[in-house]
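K.L.:
Need coordinates for the below:
(one chain, ligands or ions: 2)
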Amino acid sequence: MTDLDADLIAQAKQAARIQAREARARAHVASGSAAATVIVPHLLSLLPELRPGPLTIAGYHPKGDEVDVLPALSALSAAGHATALPVVTGRAWPLVFRLWRPGHPLVPGAFRIMEPMGDAPLAQPDIVLVPLLAFDREGYRLGYGGGFYDRTLEVLRAEAPTIAVGIGYAGQGVDKLPIDAYDQKLDWIVTEQGAWRPA
Ligand SMILES: Nc1nc2c(c(=O)[nH]1)N(C=O)[C@@H](CNc1ccc(C(=O)N[C@@H](CCC(=O)O)C(=O)O)cc1)CN2
Ligand SMILES: Nc1ncnc2c1ncn2[C@@H]1O[C@H](COP(=O)(O)OP(=O)(O)OP(=O)(O)O)[C@@H](O)[C@H]1O
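P.N.:
Ligands and ions are numbered 1, 2, ... in the order given. Below is the predicted model:
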């Protein structure tokens, strides 16, 4: 890939982000808090299909128009799984995950997103619930542009099989996103309409 190709992809991603933010905001307003409860059974029924036994599942602490996965983390925790949240350690560094159960204390981290306290044990998630601005038919995702989840999934997948589950509103789906060589694919996508495996 030439520098020019890379520049064109970066521009296309920026344009797609503007559209995607609007689509997500519309979906968020239309859904209210309903999506947060509706995705719980979708996720719970998906897990045994992914991997049997107790798992370590990383979620995220929702911000803005993202689908709230905290009810899902509560249900997963009650079902005997370990749950974790991401921690930003640096601008160009992969995320790390620390064990956290809903109700336990949090502290504000980078981008003012709430994170587990620094003394919470590190976790190696089997499954990562990934926030996104948009997803496409092939399972590619568009994030805020920090590259955090691409770097993180690359590291996790090099160490152990790691399943990435994109979480969003059905309205965040698009036909095809601009993609770079380092973009990590989602294995599953869960929306208020159900769990779905990209082509
Ligand atoms: N809820 C949640 N947690 C997350 C992410 C996420 O997308 N959502 N991340 C995903 O990587 C990581 C943190 N990275 C992030 C990168 C940018 C922004 C963000 O909101 N950017 C704003 C501007 C930042 C600001 O000034 O507040 C933006 O682009 O509008 C958030 C998180 C880990 N935790
Ligand atoms: N595995 C990687 N190694 C090195 N740099 C990477 C890697 N993945 C992404 N990057 C860098 O991160 C930057 C942003 O990537 P991209 O636009 O795909 O972010 P995103 O997936 O939308 O964001 P996020 O994952 O934070 O939600 C790119 O400039 C890219 O160079």
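K.L.:
hmm, which helix or strand of the chain has the shakiest average pLDDT?
P.N.:
Least confident helix or strand of the chain, by mean pLDDT, DSSP states H and E, is helix 34-50 with a mean of 93.
K.L.:
Now do the contacts for the spatially most central residue of the chain.
P.N.:
The centroid of the chain falls nearest to Val130 when counting by C-alpha atoms, centre = their mean (0.8 Å). In this structure, Val130 makes contact with Tyr60, Arg141, Tyr149, Leu153, Ala164, Val165, Gly166, Ile167, Leu186, judged by C-beta atoms under 8 Å, 6 or more residues apart in numbering. In this view, the C-beta of every residue, glycine as well, is placed from N, C-alpha and C.
K.L.:
Can you tell me the element it falls in?
P.N.:
Secondary structure from DSSP states H and E places Val130 in strand 127-131.
K.L.:
what are the pairing partners of that strand, and which direction each?
P.N.:
Strand 127-131 has the following strand partners under DSSP bridges: strand 56-58 (parallel), strand 163-167 (parallel).
K.L.:
could you give the angle of it to helix 34-50?
P.N.:
Orientation of strand 127-131 against helix 34-50 (axes from the mean of the first three to the mean of the last three C-alpha atoms, to 10 degrees) gives an angle of 150 degrees.
K.L.:
Does ligand 1 have contacts with strand 127-131?
P.N.:
Yes. Contact of strand 127-131 with ligand 1 is found when judged by C-beta under 6 Å from any ligand atom, involving Pro131.
K.L.:
Ignoring the adjacent residues along the chain, who's closest to Ser45?
P.N.:
Taking C-beta to C-beta, 6 or more residues apart in numbering, and ignoring the residues beside it in sequence, Ser45 has Ala195 as its nearest neighbour in space, at 7.2 Å.
K.L.:
Could you measure from the one you found over to ligand 2?
P.N.:
In this view, Ala195 and ligand 2 are 21 Å apart by C-beta to the nearest ligand atom, to the nearest Å.
K.L.:
Show the pLDDT at that residue.
P.N.:
Per-residue confidence for Ala195 comes out at a pLDDT of 96.
K.L.:
and what of Ala12?
P.N.:
We have a pLDDT of 98 for Ala12.
K.L.:
How about the secondary structure of it?
P.N.:
Per DSSP: H, G, I helix; E, B strand; the rest coil, the local secondary structure of Ala12 is helix.
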